[in-house]
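**Q** this is a predicted model, with the sequence first.
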Number of protein chains: 2
Amino acid sequence: MIKAVFFDLDDTLVDTSRLAEMARRNAIENMVRHGLPVDFDTAYHELLELINEYGSNFSRHFDYLLRRLDLPNNPKWIAAGVIAYHNTKFAYLKSVRGARRVLLELKKSGYKLGIITDGDPIKQWEKVIRLELDDYFDGVFISDYLGVKKPHPKIFQKALRKMGVEPGEAIMVGDRLYSDIYGAKQVGMKTAWFKYGKYADRELEYLEYADFTVERLEDVLDVVRGLNLEEEERADKEVHAG
Amino acid sequence: MIKAVFFDLDDTLVDTSRLAEMARRNAIENMVRHGLPVDFDTAYHELLELINEYGSNFSRHFDYLLRRLDLPNNPKWIAAGVIAYHNTKFAYLKSVRGARRVLLELKKSGYKLGIITDGDPIKQWEKVIRLELDDYFDGVFISDYLGVKKPHPKIFQKALRKMGVEPGEAIMVGDRLYSDIYGAKQVGMKTAWFKYGKYADRELEYLEYADFTVERLEDVLDVVRGLNLEEEERADKEVHAG
């Protein structure tokens, strides 16, 4: 019997990758507008390469971009990038289509809801609070806060313990086959892979750990209801057999 | 003959202190709303004390606030504070009353305009660009970028050299008697103290270095015109005497 549903945050509940792409494009556009002496495509592709090498949470993207382009460190250009980047992130932060309906329906049906996510705790909470998602959740578990990263079992085990459910009573929904699906399955949870965003065709070697694959977040409702219906039918049969 | 007018940025062109106070109040209010178990006044006064001790550019205000209140490090509360702080700063960033008119009039009259400011270069440029003030200025000189702080003469000298004017051909307008007025006077510039904001009654021991005191930014127009009128009259007299 499923009692708790856990969600990953980025690209599962929050449309992070799409937002980041918009924010980066707008940043470069604003840098060029304020005098960056390079065309948009050159600067944008250099930025993507840089993010690829240093990671998306690196705090000095625009600094390093100027170095890579052999340009002087001009704080005006950097400020123009920072402004457009932040404005975009604040104005266009959106939940994934269907997310709010799924959470509401699950909540109404009495399920416990949790978030299990990697990332900087303050930044992750910023997304949750800005989208006013916090009231839906009984627990938010952020791996950096525990000193581990998904798929480390510690974060899943802590979430289960804090929410008072057994692994078999919980399902994990996430876009990453490795960190979300393989991770949750390792500790005995049910798993639903949300085939969405840039990881929709990656890490397929972990596909075997997904009990379900959904292409729309709303399909999670059917998955959870289906699992509990099966369980009820089995209980019924056992009663009749007994 | 005055050819160039230099302005300080914070609390001269940009209403920084008022904005910071609003942002801090809103931050505490949002932290309490998201569960900070302390009343507004206690938390707000603790924050003011902290800023007083660590300075307003310290990056871990909310972290340290929780420590001072003997509370656990809860990223949700910190995120709530960060969101409200940033939202306020982005939504309410305003130029000082009259600033835009003064800049426009001076520009129309053919004066060179510059900014001489302390602070983090990227953050200072952010304010200039967000308020779309950048097109008014022929030069923006940020002390941290040169490794000094006002009233160090280096920043004033560099600004004069870059703008191609002699010290006697330039006037500095700023709210700080020590850093702006004493600083500019040291290198031989004319000075107009803008008696405004939290420094309106401080550092009065440097008042003797102010050639003029203005209580409205728009009065800078009269100061500059008055100086040049005097100069013209003197030149006229010399011609007639000659």
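**A** Done, it's in. Numbers count the residues shown, from 1 in each chain, chains lettered A, B, ... in the order given.

**Q** and residue A:233, how many residues sit next to it?
**A** When neighbours are counted by other C-beta atoms under 10 Å in any protein chain shown, residue A:233 registers 10. (C-beta placed from N, C-alpha, C; glycine too.)

**Q** could you check the pLDDT of it?
**A** On the pLDDT scale, residue A:233 is placed at 85.

**Q** chain B versus that one, what's the distance?
**A** Going from residue A:233 to chain B by C-beta to the nearest C-beta, to the nearest Å gives 40 Å.

**Q** same deal with residue A:77?
**A** Relative to chain B, residue A:77 is positioned 9 Å away (C-beta to the nearest C-beta).

**Q** so which residues of chain A form strands?
**A** A:4-7, A:112-117, A:139-142, A:170-174, A:190-194, A:212-214 (DSSP state E).

**Q** closest to chain B out of the ones you listed?
**A** Distance to chain B, taken as C-beta to the nearest C-beta, is lowest for strand A:139-142 among the strands of chain A, at 6.9 Å.

**Q** point out the other helices and strands that that closest one packs with.
**A** In this structure, strand A:139-142 makes packing contacts with strand A:112-117, helix A:121-130, helix A:153-163, judged by 3 or more C-beta pairs under 8 Å, 6 or more residues apart in numbering or on different chains; DSSP states H and E.

**Q** dump those to TSV, plus distance to residue A:137.
**A** Converted to TSV, the helices and strands packed on strand A:139-142 look like this (distance: least, C-beta to C-beta, whole Å):
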stretch	distance to residue A:137
strand A:112-117	5
helix A:121-130	8
helix A:153-163	10
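
**Q** still on that earlier bit, relative to residue A:33, which of the strands of chain A is closest?
**A** Ranking these by distance to residue A:33, with C-beta to C-beta as the measure, places strand A:112-117 first at 34.6 Å.

**Q** so what strands line up beside that closest one?
**A** When pairing is defined by DSSP bridges, strand A:112-117 lines up against strand A:4-7 (parallel), strand A:139-142 (parallel).

**Q** what is the burial count for residue A:179?
**A** Residue A:179: 23 neighbours (other C-beta under 10 Å).

**Q** so what's it closest to, chain neighbours aside?
**A** residue A:150 (3.7 Å; C-beta to C-beta, 6 or more residues apart in numbering or on different chains).

**Q** residues in chain A within reach of chain B, list them.
**A** For chain A, the residues in contact with chain B (C-beta under 8 Å from any C-beta of the partner chain) are A:34, A:75-76, A:78-80, A:82-83, A:86-87, A:90, A:121-126, A:128-130, A:134, A:140, A:142, A:145.

**Q** narrow those to just the buried residues.
**A** With burial judged by 16 or more other C-beta atoms under 10 Å in any protein chain shown, the buried subset of the residues of chain A next to chain B is A:34, A:75-76, A:78-80, A:82-83, A:86-87, A:90, A:121-122, A:124-126, A:128-130, A:134, A:140, A:142, A:145.

**Q** mind giving me the domain split of chain A?
**A** Domain assignment of chain A by automatic domain parsing yields the ranges A:4-15+A:95-241, A:17-92.

**Q** re earlier: could I get the strands of chain A in JSON lines, plus columns for mean pLDDT?
**A** As requested, these are arranged in JSON lines below (pLDDT from 0 to 100):
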{"stretch": "strand A:4-7", "mean pLDDT": "98"}
{"stretch": "strand A:112-117", "mean pLDDT": "98"}
{"stretch": "strand A:139-142", "mean pLDDT": "95"}
{"stretch": "strand A:170-174", "mean pLDDT": "98"}
{"stretch": "strand A:190-194", "mean pLDDT": "98"}
{"stretch": "strand A:212-214", "mean pLDDT": "98"}
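
**Q** so for the lowest-mean-pLDDT helix or strand in chain A, what gets flagged as buried?
**A** Least confident helix or strand of chain A, by mean pLDDT, DSSP states H and E, is helix A:143-146 with a mean of 79. Neighbour-count burial for helix A:143-146 flags A:143-145 (criterion: 16+ other C-beta under 10 Å).
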